[in-house]
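Trainee: Quick one: sequence plus predicted model below, questions after.
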Amino acid sequence: MENTMKERHLDVLKLEHVSKNFGGVVAADDICIEINPGEIFGLIGPNGAGKTTILNIIMGIYDADKGNIYLGGTDITKLPTYKRARMGIARTFQHPRLLTRCDILTNIQMGIDLTKRTQKQNVDESELRELLEAANLQDVDLSLSVGQLSYGQQKLLEIVRAVLSHPYIMLVDEPAAGLNHREMDYIVALFNIAVKKGIAVLLIEHAMDLVMGICDRITVLNFGKQIMTGTPDEVQNNDEVIAAYLGGSANAED
Amino acid sequence: MMKGTRKGNLITGRYMITLTCITIAGCFLPLVLSSYMLRVMNIALISYMCVLSVYVLLGMCGQNSFAQAGFWGVGAYITANCLLKLNLGPIVSMIIAIAGTALFAFVLGFAFFRLKQYYFTFATIGLMTIFNGLFMNWKEVTGGALGISGIPPFAIFSFEFSNETSKFFLIIFCAFVVTFLMKILFNSSLGRQFMAIRDNELAAGCMGINPLLTKSKAFAIGGALCGLGGALYAYLSGYLSFQVFTYNQSTMYLIMIMLGGTINPIGALIGTMIISLLQEFVRPLQNYMQLIYGVGIMLLMIVQPEGILGGIKALYGKYNERKTLRRSEA
Amino acid sequence: MNLQLLFSGFSTGIIYSLIAMGMVLIFRSVGIMNFAQGEFLMFGGYFCYMFNRLLDLPIGLSLILASICMGFVGVVFMRTSYWPLRHAESKAIIVSAMGASIALKEGARLIWGAVPVTVDRASEGVVNIGTAVIMKQNIAIIVIAFMVMVLIYLLLEKTFIGNIMQATAQDQYMASLTGIPVIVSIGMTFAISAMITGIGGGLLAPLFFLNNTMGTTAGAKAFAAIVIGGFGSVPGAIVGGIIVGLVEAFGGAYISSTYQLVLIYVVLFIVLMLRPQGLFGEKIQEKA
């Protein structure tokens, strides 16, 4: 993938002092994040910390009350969702949102369509096969309806589709929730392919072993506030983080 | 090669074979049908084109519109005016009707799709009412309550499609072409965009699809189909009256497609034919016909909410399941 | 300001409010727009005609009896055209309701004939206010409709049955877990909805003649009322209905009587464009 953006800017995605209120409830408070190309960036925090809200703000599903969002140096704060997607942000959902009444191939084609539209280039079959093999979907009949896939396979398919759209950054919302250990390995394999292509990954996840294992850097949120950003080691040894997880909402976590 | 990627050639595929068979079988109808029944068939095929517009909007894009009979009327009145007032040729008039209705629908789409789902549906009911009001009262263009009469039949060079049989061939040819185009649309990137919006508008946005523009495109394609239907209707009947282009007709389209099934154009065809022919065959029961018809629709929705085609598909799925089960047992 | 128009517009408007209210009650309960609600109005009118003209009962009693009959019609309607489809997609339910609407229309024609009929006025004569001549029927409509609305409010907000119905509307599954028989609760909603709309039919009949297709137009106006007022809001439905009635009366008198229905929808569009959620609706944020 040609990625001229990479050379000009160090960061793919930058959030500058982003805040969001929902009728008095602070969902995001002065969030500053910078994500580098090809980096796997974790976003963790107890339930209700505002993780998904931040993904939605980045995607343009919610508008930020304050602050700016930059994609490769371009201000995208005011752009609608579809324009952000065309500029190179892909998003997967906690509960997969595929074309439920269509076959698998059509769903894959959706990602390829986006690449064709934005980069005027086709996706060759070897790339598709590589991704499907990483997701262990290579033996599945692509003319089957999506409904015939298992929940885990649907989530994997959604990530495959996101990678196929050749974004600069993928926002991945709790990929491991509801998946077994083997399927989690497939997710890691897919992330590795994405990283090789220079795609950055913003990952929300509750499965700590997964997050700590693959993330380059992690931001910890609690009640919409950014507690700290650092490497997995730094995060694990930070007192404030431990307090946030153990104090109060510890039972909500694993 | 991965399993299932080879989608079958469009020309030699199952869809095309089915379509061609139906069309060829249809071409023999003039031999067996009376002139009256042929007229019924002609009108049914025109309805089919309008039902296809509902298929694009509801079946593909998930948007329920009750204004399709209005667009049908717009197409018919444009044709009549081009022919009688502007003295344009029949082919040009037809093209203007199709393009004009499509453009009109496209522009309206931008206004109407700011409203979502239920709101959109109700706004189209309003639109239909306004259409009908205009057809009834705008004397200069629609002839008001008297309507427009004396529309000449369709003609290519000097050949006039003036008798019922030649009109039938013209209409069935158009129906064949649009059904074929539906398949191309279905397999195209635009078709996938429609379906993405139908299944989840939010997720569609996250895949770079502009919901407003895409839905307006669907509305425009629906408009083009209705425009074609309207033009053919003008040539077929030679007389236009506002009493034809009504809200009731729009609900009829919805009923037709729900009866046949929204999954593909064949469903639209089945639904249209059943309803159109039913109306003829139960005519002896005149007094009770509408009642039977209403109750029939209710029963159908209860027994098979996915329509006849949906029912067949479910049966076929069960049959396949049993077959593989038996195979694995053996 | 023309007082006469004001009264006639207000009184027909409040009947649209009754239909709209019936629709909103069903919408809030099961999340489905009832496309056959206009036919309830027509049926209510015919029941009233049956008791009043064919059985020679006084109009007040006829209205009450008609309303009770409509309650049964509502339950039968719910059991046949909604309940079997409760798990189906909403478009299937809409089509089923359309089928029911055709069946009701034709049923009425077969039972009571196609010749337009009328019923007694609830109150005869006119009242003179200044130069304006106001029919007592108009005033009666407003008073009765207002009473019905108050009764419905009390029923929903102050009684046990109302609580059950509201609980079911909010979450059917939770309601069934707490021991509420969901089918009974939804049946009640449909019955009440049909009753109030049916009374509207009995009140409207003396002003316009009854025929079996009157429901469709009235239903279309009630749709407009709901959208203007705000989807799912009962006060919105009431205000929307009155707005529609007034637009109809004044537009018909001052602008054009042929474009009456068109005019209503023009108002609807203006409201929708300026305030997509309607006058009383709450803005719905899409859940991400």
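Mentor: Here it is on my side, so go on.
Trainee: What does residue 159 show for phi and psi?
Mentor: In the absence of a named chain, chain A is used. phi -70, psi -40 (degrees, to the nearest 10).
Trainee: wrong one, I was asking about chain B
Mentor: phi -80, psi 120.
Trainee: List the buried residues for stretch C:134-153?
Mentor: Going by neighbour count (16 or more other Cβ atoms under 10 Å in any protein chain shown), the buried part of stretch C:134-153 is C:134-135, C:137-142, C:144-145, C:148-149, C:152. The way it works is simple: take the backbone N, C-alpha and C, and place the C-beta from them, glycine included.
Trainee: Now flag whichever of these is closest to A:V25.
Mentor: Nearest to A:V25 among those: C:I152, at 35.0 Å, using Cβ to Cβ.
Trainee: Was I right to think that closest one contacts C:G22?
Mentor: No - applying Cβ atoms under 8 Å as the test, C:I152 and C:G22 come out as separate, 9.6 Å apart.
Trainee: Overlap in contacts, the two.
Mentor: Common neighbours of C:I152 and C:G22, using Cβ atoms under 8 Å, 6 or more residues apart in numbering or on different chains, are C:I192, C:I196.
Trainee: And A:A90, which helix or strand is it part of?
Mentor: Per DSSP states H and E, A:A90 falls inside strand A:89-92.
Trainee: Show the contacting residues for residue 70.
Mentor: In the absence of a named chain, this looks at chain A. Contact analysis of A:Y70 by Cβ under 8 Å, 6+ apart lists A:D11, A:L13, A:K14, A:E16, A:I76.
Trainee: wait, chain C
Mentor: C:F40, C:F43, C:G44, C:F47, C:A191, C:A194, C:M195, C:T197, C:G198, C:I199.
Trainee: show me the contacts for the fourth one.
Mentor: Spelled out, that is C:F47. Applying Cβ under 8 Å, 6+ apart, one finds that C:F47 lies in contact with C:L65, C:A66, C:C69, C:M70, C:G198, C:G201, C:G202.
Trainee: Give me the three-state assignment for it.
Mentor: helix (DSSP: H, G, I helix; E, B strand; the rest coil).
Trainee: Distance check, it against chain A.
Mentor: Distance of C:F47 to chain A, computed by Cβ to the nearest Cβ, to the nearest Å: 44 Å.
Trainee: circling back to that earlier point, give the other helices and strands that the strand holding A:A90 contacts.
Mentor: In terms of contacts (3 or more Cβ pairs under 8 Å, 6 or more residues apart in numbering or on different chains; DSSP states H and E), strand A:89-92 is packed against helix A:51-59, helix A:151-164, strand A:169-173.
Trainee: what does the model give B:I98 for pLDDT?
Mentor: B:I98 is assigned a predicted lDDT (pLDDT) of 95.
Trainee: Between the helices and strands packed on strand A:89-92, which one is closest to chain C.
Mentor: Distance to chain C, taken as Cβ to the nearest Cβ, is lowest for helix A:51-59 among these, at 4.7 Å.
Trainee: Counting neighbours, what do you get for B:A155?
Mentor: 14 (other Cβ atoms under 10 Å in any protein chain shown).
Trainee: what ranges do the helices span in the chain?
Mentor: Going with chain A. A:4-8, A:51-59, A:81-87, A:104-119, A:125-134, A:151-164, A:181-196, A:208-214, A:232-236, A:239-246 (DSSP state H).
Trainee: not what I meant, chain C
Mentor: Along chain C, counting by DSSP H, helices occupy C:3-30, C:37-49, C:59-77, C:90-112, C:136-158, C:160-170, C:172-177, C:182-204, C:214-229, C:234-254, C:260-274.
Trainee: Can you tell me which of those helices is most buried?
Mentor: Mean neighbour count (mean count of other Cβ atoms under 10 Å in any protein chain shown) peaks for helix C:37-49 among the helices of chain C, with a mean of 30.
Trainee: any idea of the angle that one forms with helix C:90-112?
Mentor: Put simply, helix C:37-49 runs at 20 degrees to helix C:90-112, going by axes from the mean of the first three to the mean of the last three Cα atoms, to 10 degrees.
Trainee: Looking at the buried residues of stretch C:134-153, which two lie furthest apart in space?
Mentor: The span of the buried residues of stretch C:134-153, defined through Cβ to Cβ, is set by C:I134 and C:I152 at 26.2 Å.
Trainee: In chain A, where is pLDDT below threshold?
Mentor: Scanning chain A for pLDDT under 70 picks out A:1-10, A:246-254.
Trainee: Can you name the residues of it that neighbour chain C?
Mentor: Within reach of chain C by Cβ under 8 Å from any Cβ of the partner chain, chain A has these residues: A:T52, A:N56, A:I61, A:Y62.
Trainee: How is chain B partitioned into domains?
Mentor: B:14-281, B:292-330 (automatic domain parsing).
Trainee: Return the member of those domains having the minimum mean pLDDT.
Mentor: Per-segment mean pLDDT for the domains of chain B reaches its minimum on domain B:292-330, at a mean of 79.
Trainee: That domain and chain A in contact?
Mentor: No - Domain B:292-330 lies out of reach of chain A by Cβ under 8 Å from any Cβ, never closer than 9.6 Å.
Trainee: Tabulate the helices of chain A (JSON lines), appending distance to C:R53 and mean neighbour count.
Mentor: Formatted as JSON lines, these follow (distance: least, Cβ to Cβ, whole Å; neighbours: other Cβ atoms under 10 Å in any protein chain shown):
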{"stretch": "helix A:4-8", "distance to C:R53": "80", "mean neighbour count": "12"}
{"stretch": "helix A:51-59", "distance to C:R53": "62", "mean neighbour count": "24"}
{"stretch": "helix A:81-87", "distance to C:R53": "61", "mean neighbour count": "21"}
{"stretch": "helix A:104-119", "distance to C:R53": "61", "mean neighbour count": "21"}
{"stretch": "helix A:125-134", "distance to C:R53": "74", "mean neighbour count": "17"}
{"stretch": "helix A:151-164", "distance to C:R53": "63", "mean neighbour count": "23"}
{"stretch": "helix A:181-196", "distance to C:R53": "72", "mean neighbour count": "17"}
{"stretch": "helix A:208-214", "distance to C:R53": "77", "mean neighbour count": "17"}
{"stretch": "helix A:232-236", "distance to C:R53": "83", "mean neighbour count": "15"}
{"stretch": "helix A:239-246", "distance to C:R53": "76", "mean neighbour count": "15"}
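Trainee: got those helices as a markdown table, with distance to chain B columns?
Mentor: Putting the helices of chain A into a markdown table (distance: least, Cβ to the nearest Cβ, whole Å) gives the following:
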| stretch | distance to chain B |
| --- | --- |
| helix A:4-8 | 17 |
| helix A:51-59 | 6 |
| helix A:81-87 | 4 |
| helix A:104-119 | 5 |
| helix A:125-134 | 6 |
| helix A:151-164 | 8 |
| helix A:181-196 | 17 |
| helix A:208-214 | 23 |
| helix A:232-236 | 28 |
| helix A:239-246 | 30 |
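Trainee: okay, these in TSV with distance to B:G109 next?
Mentor: Formatted as TSV, the helices of chain A follow (distance: least, Cβ to Cβ, whole Å):
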stretch	distance to B:G109
helix A:4-8	35
helix A:51-59	25
helix A:81-87	16
helix A:104-119	21
helix A:125-134	34
helix A:151-164	28
helix A:181-196	37
helix A:208-214	44
helix A:232-236	50
helix A:239-246	49
